[in-house]
Every structure is written in C-alpha cells, then in structure tokens.
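> what's the 3D shape of this:
(2 chains)
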Amino acid sequence: MDVSLGLLTNAVISGLLLGGFYAAVSIGVAISFGMLDIVNIAHPAFILLGSYVAFIGNSVFGIDPILAAVIALPAFYLLGMAAYQVYYVAFERRDDQSLRGLSFFFGILFIVEVGLILIFGVDYTSVQAWYGGGNLSLGFIELPWRLLVPFLLGMAMVAGLQVFLSRTFIGRAIQAVAQDQQALRLMAANPTRIKRIAFGLSFATAALAGAAMIIIQPVEPSIGREYIGRIFAICVLGGLGSFPGMVIAAVTLGIVESLTSTFFGPSWAPAVAFGVLLLTLAVRPSGILGR
Amino acid sequence: MAYLAAKGADKQAAVAGLGNVAFILVLCVAAAAIFGATRWIGNSYAFFAAYVVVQYIVLGTAWNILGGYTGYVNFGITAFFAIGAYSSVVLYKLTPWLPLPVMIAVGGAAAALVGLGTGYLTLRLRGVFFSIATLALAVVVQTLITNWDFVGGARGAYVLRPKLAPLIGGEYIQYLYLVMLGLCVVVLATARAIERSALGYGFAAIRDDEAAAEAAGVPTLRLKLIATTLSGAFMGMAGAPLPYYVAYLDPASGFSLNYAVNAIAMPLIGGTANWVGPIVGAVVVGGLQQYVSVTISSAVNVLITGLLLVLFVILAPQGIVGVAQKWLRRRR
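The predicted structure follows:
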C-alpha cells in the first residue's frame, strides 16, 4: 500500500473536520445521557427529523438549511420537553428506566424512522447551499466548505452550551441535577423542571445537527442507525458529561474513521466506532476525561 | 437470598406444576396439533405465514431469557439472528449436504460465542452499556458481512431451496415449518425450566436488585453470561433456517430492523414475566402484522408494531398476560 504524505494529510484534515460535525451530533446525547442519565437512543432519529426539516425549508421555501434549523429550534425544544414529561411520568417515577425506558426510546426511534420513510420514501435527499461545493484555500491545504461549515456549527454549539452551562443558574442546575437532586431542591430549583429544560435543549441540538448532517452528505431515513454506535462511542470515550472530553473523542473518532476509509475503503468505517466503544468499555469505561 | 432459598425449593416447584418432561410432552403434542392444522388448511401461504409467527415466538422467547428474566436489554437481535442465517449460507456453500438441524446447531453455537464475548466485555458495567454495545454490535456485524465476498457481500447470496421436504414429503416449506416448531418446543421448554430452577431465581434477583443479589452471594456475572449466551444461541438458531426460507439473503434484509423491533415488542406486549408472554405477543402482533401487510402495506405494519410497543410500555408495563392476570384476580 502506497501511503503518500498528501493522502495522509488530507485524511487527517477531513477527519478533523468530520470530528467537529460528530461533536454537533453527539452533544445532545452528552446532555441527556451524560448529565441527566437518560439513555435516549432515539436521538439520531430526531437528528434525521432535523435534516428533513432543513430539507423542507431549503427545497420548499428556498432558505438556507441552517436557518431552517434555527427556525425549528423552538419546536424541537418543546418536543424534547414533552418527551421528557412522558418519560418521567411513565418510567422515571416508577423507577423502571432500564428495561421499559430503553424499549420506549427504541420504539420511538422506530416510529420516527418509519414515519420519515412513509412521508419521504427511502431515496437519498440533499440540500442546495453556497457551501455545497468548493474549497477554502489556505495555501497548501484545501478545506471543503461542505465539511468546514458543519465543523464550525458544531464548535459554535459546543462553545455556546459550555458557556450556558457554566455561567447561568439553570445551566449549573443542569450540571448538578444528576449529582444531587436534594441539594438542588434546597436551592429552590425543581429537579424535574431542570431536567425537562435540559432534555428540551438536547432535542434542540438535534435540529442543528440535522442541518449539519444533510450538508455533509445526502440523507435517507435509516441512516440514523449508523450514528447510534458513533454517538455513544464518542460520549463514553469522552467521559460522560464532559464537553471537552466529548470534543476530543469526536475528533479522534473522526480522524480514525477518515484514515480507515482512505486506506481500507469507506464500507469499513462504521465498524470503527464499535471497536472504539468496545475497547473503551473494556479498558477504561470512565472515558479519557472521566471522573 | 431468593437464590439460596430457591436451591431448596427447586424440587417443590417442579412438583407443584407440571414436571419439565411432562411439559415437553405437552408442547410436542401441541406442536404436532398445530402442524396438523396448518397442513389441513393445505395452501403454502399458510405455511409461510405460520413459519413467521413461530419464528417470532422463538426470537421473542430468546430475547426474554435475557431481557425479561434478568432485565438486561439486548438491542442487537439482528446481529445474532444474522450470524445464524449467514452461518447457514457458509455451510450451504461448503457442505450443502448437511441436514438443516445440524446447520441450526452450528448457527446457534456461533451466535452463542458472540453473545458470550460481548457479555464478557460489557456486562461488568451498568446495564445500559451492554444495551449500547449490542446496538453497535448490530452495525458492526452488518459491516463485516457486507464486506465479506464469500457470502455474497452487499449483493447477497442465493440459496436453492430443495423441491421436496425430507422425511415428511410435500413442499420444503413444510419441513422448514416443522423444524421451526421443533426449535420452538426446545426454546419454550428451556425458558420454562429456567423460570423454575435456581438459575431463574438468580436471574430474578439480578433483575430486582443486582447489588443486593451480589451481596447475598449470587454469582451475578456468571449468571448474566449464561443468560446472554443462551439468549444469543437461540436467536442464532432462529436465524439459521432463514436463507432457505427467503431463498435470497442480502445484508439489508438479513439485518432488517423489523426483526429487532418485533423480538423486543412481542415479549413486552405479551408480558415479560414468564414464558407465556412472548407466545401471546408473537401470536397477537404477528397475526395482526400478517393481516395488515396483506390488507394495507408492510411499512404501515411495522409502524403499528412500534406504536403498540410504546403504548404498552407506557400504559400496560405488565403486558397482555399481566393485565389478564390482574383482571382474573379481581373477578375472583
């Protein structure tokens, strides 16, 4: 195998950009799983829902896919709050999160996926935007806009949420809710309300991540399944609840996947996440930056 | 505690109800009667439809041995099911003269090894990590099969179904159906025997409070590994006859999410507490699906299954069997 330096550099750079996108996809689960301890395996389905919202905004109304996702943010936020309310009443209060709570999200995953198939069919769809093609030239390296824009969007989401979580009262309450609900009550914050807000936020990130996904690649309804392993691999590897760890993990996975597709072929890439996940669980389940 | 007490109570439990041997005899008679009834209907569609329902009883019961009895959720049903199916494809290419039951045993062994390995790596952690790992397992096994040219890769593989059924005569689908019924008897008898043994009480202790079970001396990791291996083996066995049933197997159909959703939805809808639940779930949901896919469309029927799953876990967590038991108790 001829490993040229140019090929290697390209693979690493596109892996880095891909990693920023993976951070955008994973941040919702970093909140729901990492901070609230709710294993929302349906998250990728809602990311795809976001992709189709961006698709409709783009193809029907002719607006920018990211703008379409921003417009849909409040709707996703409310959807997330409603989903948490159902989860809380049906499972968390009954203390039945593991078997039935997990199955609940599995059922939701399936309903959203089949719903999208019934509405949009199984063909790939894509969006039109100025960053759909072309490169940003930085002297010796070329950065494709198609990867750069989702990367920047992901980084902006991580930075914004990090500031919100560390500087505001509600943000700090969200970080505290998984640790000590009783103490939170003494601070006059209702844990259920805080969790509802956080879950709403987690869903809202799915709208933006969906726009990023349909910019990077054409999507079809069942593509979300490939992301389940990836997202949870990133969250576990990063150490649950830590955004910096998640970003490092996302970039690592992006680069490893990119190298794998370059040197072994793209059909092997989905297996990388699983290898990373199993290795992490077996060797260091608390992740690289875990407590 | 229950585990230790159960060792003594083991014999009593067997006497209280039907003994295991008697139960197997009852199941065999029931299976023979069902086979006779299907043959009496006499068209091959009846066999194809009934095969699917019986296959789901096997898959649902296999899932329930881990999910319902120990409380650990396996989402990677398609991985185990497809390992069984593809091991038959491999055997078909290498040694086509092997009888089907041998292929089923090989497929079950392969899936059992994968279950043991996955369990060994992840079961020492909290249950959710096992669930997530199994989700990812389904993707990775699909990736491996898609890249494996010997079994057809992404293009899929053709398997020639023999024209005539061995031993019983008639169409080959009758033989497939009979074999699946036999497998069903084995799986149900195993599930019921587990429920009434020390093993079953150990599983229940893990489900109710794993830390307390561990503290009381229940070998939790070993029991969980037994459950994962058994459950994986039965899923692989359920998948092994699939290439002969469909005659053309590609990764997209072998790893169809429908299998995973049905295998989880059916026990949860029927009831996870004992071996009756998955049967009720498979017959009710499977029957409904056969009806809907004939009258409306197959995309709608999977949507209905998903909706039923979500509704049942929210509104009737004990499943149909649990609701029926509660209703009977109130009537008394």
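> Around chain B, pick out the residues from the stretch 151-291 of chain A.
Within the stretch 151-291 of chain A, the positions near chain B by CB under 8 Å from any CB of the partner chain are A:222, A:225-226, A:228-229, A:232-233, A:236, A:265, A:267-268, A:270-271, A:273-275, A:277-278, A:281-282, A:285. Every residue, glycine included, has its C-beta placed from N, CA and C.
> Check the spacing between B:Thr95 and chain A real quick.
For B:Thr95, the distance to chain A (CB to the nearest CB, to the nearest Å) stands at 29 Å.
> so how far is B:Gly239 from that residue?
Distance of B:Thr95 to B:Gly239, computed by CB to CB, to the nearest Å: 18 Å.
> How about A:Gly210?
For A:Gly210, the distance to B:Gly239 equals 34 Å [CB to CB].
> follow-up on the earlier one: of B:Thr95 and B:Gly239, who's got more company?
B:Gly239 (32 against 11; other CB atoms under 10 Å in any protein chain shown).
> Ramachandran angles for B:Gly71?
Torsion angles at B:Gly71 (phi, psi; degrees, to the nearest 10) stand at phi 80, psi 10.
> can the longest helix out of those in chain A be found next to chain B?
The helix spanning the most residues in chain A, taking DSSP state H as the definition, is helix A:5-32. No. Applying CB under 8 Å from any CB, one finds helix A:5-32 out of contact with chain B, separated by at least 10.2 Å.
> Please point out which parts of that helix sit buried.
Buried residues in helix A:5-32, defined by neighbour count with 16 or more other CB atoms under 10 Å in any protein chain shown: A:11, A:13-32.
> can you give me the helices for the stretch 151-300 of chain B?
B:172-195, B:198-208, B:210-215, B:220-239, B:242-246, B:251-254, B:257-270, B:276-295, B:298-315 (DSSP state H, counting those that start in this stretch).
> which residues sit in contact with the residue of chain B found nearest chain A?
Going by CB to the nearest CB, chain A is nearest to B:Ala136 of chain B, at 3.3 Å. By CB atoms under 8 Å, 6 or more residues apart in numbering or on different chains, the residues touching B:Ala136 are A:228-229, A:232-233, A:273-274, A:277-278, B:76.
> Format the residues you listed as a markdown table; extra columns: secondary structure and neighbour count.
Output for the contacts of B:Ala136, formatted as a markdown table (DSSP: H, G, I helix; E, B strand; the rest coil; neighbours: other CB atoms under 10 Å in any protein chain shown):
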| residue | secondary structure | neighbour count |
| --- | --- | --- |
| A:Ile228 | helix | 23 |
| A:Gly229 | helix | 27 |
| A:Phe232 | helix | 29 |
| A:Ala233 | helix | 29 |
| A:Ala273 | helix | 27 |
| A:Phe274 | helix | 22 |
| A:Leu277 | helix | 28 |
| A:Leu278 | helix | 20 |
| B:Gly76 | coil | 27 |
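> For chain B, what is the nearest residue in chain A?
Here the residue of chain A nearest chain B is A:Gly229; by CB to the nearest CB that distance is 3.3 Å.
> my guess is that residue contacts A:Val272, does it?
No. Using CB atoms under 8 Å, A:Gly229 makes no contact with A:Val272, being 9.3 Å away.
> Tell me where the model's unsure across chain B.
Across chain B, the ranges flagged by pLDDT under 70 are B:1-17.
> So what's the residue count around the nearest residue to B:Asn258 once chain neighbours are set aside?
Once flanking residues are discounted, B:Asn258 sits nearest to B:Val302: 5.6 Å by CB to CB, 6 or more residues apart in numbering or on different chains. Under the neighbour criterion other CB under 10 Å, B:Val302 is assigned a count of 25.
> which residues touch B:Val302?
By CB under 8 Å, 6+ apart, the residues touching B:Val302 are A:110, A:114, B:258, B:261, B:289.
> which one among those residues gets closest to A:Asn58?
A:Val114 (23.5 Å; CB to CB).
> element containing that closest one?
Assigned by DSSP states H and E, A:Val114 belongs to helix A:102-120.
> Provide the strand pairings for the helix or strand just after that helix, with the direction of each partner.
Once the chain leaves helix A:102-120, the next helix or strand it forms, by DSSP H and E, is strand A:135-138. Paired neighbours of strand A:135-138 in the sheet (DSSP bridges): strand A:141-144 (antiparallel).
> Dump the C-alpha coordinates for the partner strand into PDB.
C-alpha atoms of strand A:141-144 as PDB (Å, rounded to 0.1, in the frame of the first residue of the first chain):
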ATOM      1  CA  ILE A 141      -4.300  22.800   2.200                       C
ATOM      2  CA  GLU A 142      -7.800  22.900   0.800                       C
ATOM      3  CA  LEU A 143     -10.700  22.800   3.200                       C
ATOM      4  CA  PRO A 144     -14.000  21.800   1.600                       C
END
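> I'd like to check what contacts that strand. Which residues are they?
Defining contact as CB under 8 Å, 6+ apart, one finds that strand A:141-144 is touched by A:9, A:13-14, A:17, A:133-137.
> residue closest to the middle of chain B?
B:Leu59 (1.7 Å; CA atoms, centre = their mean).
> close to chain B, is the helix holding A:Val114?
Yes. Interface with chain B: helix A:102-120 contributes A:102-104, A:106-108, A:110-111, A:113-115, A:117-118 (CB under 8 Å from any CB).
> which residues does the nearest residue to B:Gly286 once chain neighbours are set aside contact?
Leaving aside its sequence neighbours, B:Gly286 sits nearest to B:Val53 (CB to CB, 6+ apart; 4.0 Å). With contact set as CB under 8 Å, 6+ apart, B:Val53 has these partners: B:282-283, B:286-287, B:290.
> Most neighbours of all those residues, which one?
B:Ala282 (29 neighbours).
> For that one, which residues are in contact?
Residues near B:Ala282 by CB under 8 Å, 6+ apart: B:53-54, B:56-57, B:60, B:266, B:270.
> ok, so of the residues of helix A:102-120 next to chain B, who is nearest B:Ala216?
Nearest to B:Ala216 out of the residues of helix A:102-120 next to chain B is A:Leu102 (CB to CB; 25.9 Å).
> tell me, how many neighbours does the nearest residue to that closest one once chain neighbours are set aside end up with?
Sequence neighbours aside, B:Val73 is the residue nearest to A:Leu102 in space, at 4.7 Å (criterion: CB to CB, 6+ apart). Residues contacting B:Val73 under the criterion other CB under 10 Å number 26.
> Tell me the secondary structure at B:Val73.
coil (DSSP: H, G, I helix; E, B strand; the rest coil).
> Hmm, it is touching A:Gly101, no?
No. Contact criterion CB under 8 Å: B:Val73 and A:Gly101 do not qualify, at 9.3 Å.
> before we move on, the earlier item: out of the contacts of B:Ala282, what pair is the most spread apart?
B:Val54 and B:Gly270 (14.6 Å).
> If we go by neighbour counts, what in stretch B:247-261 is buried?
Buried positions in stretch B:247-261, judged by neighbour count with 16+ other CB under 10 Å: B:249-251, B:254-261.
> Spatially nearest residue to residue 191 (excluding sequence neighbours)?
The chain I'm using is chain A. Among residues not flanking A:Pro191 along the chain, A:Gln181 sits closest, at 4.3 Å (CB to CB, 6+ apart).
> Can you look at chain B instead?
B:Trp275 (4.2 Å).
> Distance check, the one you found against A:Phe105.
Using CB to CB, B:Trp275 is found at 26 Å from A:Phe105.
> go on, B:Ala247?
35 Å.
> B:Thr70 is in contact with B:Leu223, isn't it?
Yes. Assessed by CB under 8 Å, B:Thr70 is found in contact with B:Leu223 at 7.3 Å.
> Can you pick out the residue with more neighbours from those two?
B:Thr70 (27 against 23).
> wait, what's in contact with that one?
For B:Thr70, the contact set (CB under 8 Å, 6+ apart) comprises B:203, B:206-207, B:223-224, B:227.
> mind redoing it with 10 Å?
Listed by CB atoms under 10 Å, 6 or more residues apart in numbering or on different chains, the contact partners of B:Thr70 are A:99, B:64, B:123, B:127, B:200, B:202-207, B:210, B:220, B:223-224, B:226-228, B:231.
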